[in-house]
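Trainee: Quick one: sequence and predicted model below, then my questions.
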Amino acid sequence: MTARALLITGVNGVGKSTLVARLTTRPGVTAFSASRALMGHFGIAAGDYAALDAIPLDRRLAASHLLIERAIAQTPGTLLLDAHLLTFECDPPRDCGGPWLARLFRIVLVTAPAAVIDARLAADEGAGRVRRWADPHEPAGRQVRLLATRQELLARHAARTARRNSVGLLHLDHSGPSEPAVNILNTLIESAPGPARPATAALDPSQHSD
């Protein structure tokens, strides 16, 4: 088991990438974004989610499992996996987990009130960052309800996944400033079993292409 591999997961807009970026400033911590790695793997321009979505889901999931397994096996120090446990692009939602789950030290489920996430998504959209999570023409109230439902579904799925793979699960509130959540994650990283290893640069997704 790779003791220092942690999965940071949650619905779109909850702030996973923000937390991971803050944590990778400390020595020995490396970030791995599943979506960026997949874009490199398939030769897609960074940030081109439309092109990524055009690839069949089964192909994306198979490649994701391969890339995550490789990252866990090859990365020294602490590896923070920014990835989804559940995708809502189909109905019913699809499990995104693979055999790599049993190699994790902890699953961290980042949460926030649905209204807070909705406001963050609106701010991102205003800044030109379009998220792939809902029809933008839907009324705002319905989007908030949809976010709340998805968080509930993800929380239940994360609990089942943690039990099935004998991995600890941490529910992490990120409803306000990032500092309290970052402090909790720093404490978690410091408590991870196994010897600390030297720091490495963040993984280059282009290195994962087959």
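Mentor: Structure's in. What do you need? Residues are numbered from 1 along each chain as shown.

Trainee: Break down this structure into its helices, ranges please.
Mentor: Secondary structure of the chain (DSSP state H): helices at 16-23, 34-41, 49-53, 57-74, 114-126, 140-165, 178-191.

Trainee: Out of the ones you listed, the one nearest H171 is which?
Mentor: Closest to H171 of these, according to CB to CB: helix 140-165, at 7.4 Å. Heads up, the C-betas are built off the backbone N, CA and C, glycines and all.

Trainee: tell me what the closest one is packed against?
Mentor: Here helix 140-165 touches strand 86-87, strand 106-111, helix 114-126, strand 168-173, going by 3 or more CB pairs under 8 Å, 6 or more residues apart in numbering; DSSP states H and E.

Trainee: The ones you listed: which one's closest to D48?
Mentor: Of all these, helix 114-126 sits nearest to D48, with 16.9 Å by CB to CB.

Trainee: what's the angle between the least confident helix or strand in the chain by mean pLDDT and helix 140-165?
Mentor: Here the helix or strand of the chain ranked lowest by mean pLDDT, DSSP states H and E is helix 114-126, holding a mean of 86. Here helix 114-126 runs at 110 degrees with respect to helix 140-165, directions being taken by axes from the mean of the first three to the mean of the last three CA atoms, to 10 degrees.

Trainee: when you give positions from now on, start the count at 46
Mentor: Got it, first residue is 46 now, which makes that one helix 159-171.

Trainee: buried residues in helix 159-171?
Mentor: Neighbour counts over helix 159-171 (16 or more other CB atoms under 10 Å) mark A159, V161, I162, D163, R165, L166 as buried.

Trainee: related to what we said a few turns ago, would you turn the helices and strands packed on helix 185-210 into TSV with distance to C141?
Mentor: Output for the helices and strands packed on helix 185-210, formatted as TSV (distance: least, CB to CB, whole Å):
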stretch	distance to C141
strand 131-132	5
strand 151-156	12
helix 159-171	19
strand 213-218	16
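
Trainee: With respect to G55, which of those lies nearest?
Mentor: strand 151-156 (3.7 Å).

Trainee: pLDDT below threshold where in this structure?
Mentor: The model of the chain has pLDDT under 70 over residues 46-48, 172-185, 239-255.

Trainee: Name all residues that make contact with the nearest residue to A147 once chain neighbours are set aside.
Mentor: Spatial nearest neighbour of A147, chain neighbours left out: N210 (4.6 Å); criterion: CB to CB, 6 or more residues apart in numbering. Contact analysis of N210 by CB atoms under 8 Å, 6 or more residues apart in numbering lists G142, L146, A147, L149.

Trainee: The third one touches A207, doesn't it?
Mentor: No - the pair A147 and A207 fails to qualify as a contact (CB atoms under 8 Å) at a distance of 10.7 Å.

Trainee: Looking at those two, which has the bigger crowd around it?
Mentor: More neighbours surround A207 than the other of A147 and A207, with 20 against 12 (other CB atoms under 10 Å).
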